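J.: have a look at this prediction, sequence included:
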Amino acid sequence: MKATQLEKSLANLIAINQPAFIWGGVGIGKSEIVHKVADSLGFAVRDVRVALLDPVDLRGVPSVENGTTKWNPPVFLPTEDEPKTLLFLDELPHGSPSVQNALFQLIKDRQLGEYTLPESTVIVSAGNRLQDRAGANRVNTALGDRFIHLNLEPCPEEWVSWALGSGRIIPEVINYIRYRPENIFVFDTNAQVNTTPRSWEYASRILDNNPDADIEQELLAGTIGEGISAELVGYLRTWRKLPSMETILKNPDKINLDSDPAVMYAVCGIVARKMTKENIGKFVDFLKTLPDEFAVLCMSDATTMNPDLKKTKAYIDFDVAYQDITL
């Protein structure tokens, strides 16, 4: 399922206190979605990396009181006096079989020895699949049967929407993914470097720091892989040859661009990022010179990043003129 579907599904399961397990490839945003949903529902997240646990870590440390042994639960398990909490058992498949067995009682009976999980606590787990070869172990069937299983798949359209709203991804990368959406996730278990939504965020940070030309592709190759980095660098050459924003604003209706989709996506990304309430009129004049679908795409991106643009007369006139164009 897509990220938006996962968010809705997870919220539904949290509402009925049903443990959920999110499966998916490496670097596609499983953990981030859990934190986002928990925050939207007012849950504090207790993030536990199962891969780092030993069975004794779950039971806690014993002490003797009045001649009787008492087990003191670990600090990462919620207590009754805490607000509603989401216990996030991340990387559960990376846990050893003995740790998985120790978790069985916690998930099945909501207990560990004398410890009882508070009623206001919900359990969510996440992990990579065996076929990802990311060091995951097989989750035993008895433990797996205690969860509702949800499978996350990367979606380039949803990633672009997230990227536009997050402010964490530069327009060059966003519009390259629009141009080559199939490259959002290219995974080879035998490769040293793979291309994932997470690695695209790393690539964006590298490019935003303006590395020197002689190391740019090497840095990108170590982030998203040799082949795709070479293609991205070629796309960036096109991007960097585009007319400046000053040129576009000075003569918005006299700009001649190559009709290559790579060029269209690139210029739309730049214009959308630079559009303001003060210059939208000039940019609308420029958009009229583009193919209709790219004009609408550019305005859609601009208003996503700056919703106040919709209050301008230039936007209203544009919206009326292009109301029959759908993306």
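T.: In hand now; what should we look at?

J.: for the stretch 151-300 of the chain, what spans make up the helices?
T.: All helices of the stretch 151-300 of the chain, identified by DSSP state H, counting those that start in this stretch, fall at 156-166, 171-179, 197-208, 213-224, 226-240, 245-250, 261-274, 280-287, 292-305.

J.: and the third one with helix 226-240, angle?
T.: What it means is helix 197-208. 40 degrees (axes from the mean of the first three to the mean of the last three CA atoms, to 10 degrees).

J.: packing partners for helix 197-208?
T.: Applying 3 or more CB pairs under 8 Å, 6 or more residues apart in numbering; DSSP states H and E, one finds that helix 197-208 contacts helix 171-179, helix 213-224. The C-beta positions use only the backbone N, C-alpha and C, and glycine is treated the same way.

J.: swap the cut-off to 10 Å and go again
T.: helix 156-166, helix 171-179, helix 213-224, helix 226-240 (3 or more CB pairs under 10 Å, 6 or more residues apart in numbering; DSSP states H and E).

J.: could you do the longest one as well?
T.: The criterion is 3+ CB pairs under 10 Å, 6+ apart, and the helices and strands that helix 226-240 contacts are helix 171-179, helix 197-208, helix 213-224, helix 261-274.

J.: okay if I get these as CSV plus mean neighbour count?
T.: Shown next, in CSV, are the helices and strands packed on helix 226-240 (neighbours: other CB atoms under 10 Å):
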stretch, mean neighbour count
helix 171-179, 23
helix 197-208, 19
helix 213-224, 16
helix 261-274, 21
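
J.: for residue 79, find the nearest of these.
T.: Nearest to residue 79, of all those, is helix 197-208, at 33.2 Å by CB to CB.

J.: follow-up on the earlier one: nearest to residue 252, of the helices and strands packed on helix 226-240?
T.: From those, taking CB to CB, the stretch that ends up closest is helix 261-274, at 9.9 Å.

J.: nearest to residue 122, out of the helices and strands packed on helix 226-240?
T.: Nearest of those (CB to CB): helix 197-208, 25.4 Å.

J.: returning to what we had before: wait, which of the helices and strands packed on helix 226-240 is closest to residue 57?
T.: Minimum separation from residue 57 across the helices and strands packed on helix 226-240 (CB to CB) falls at helix 197-208, 27.4 Å.
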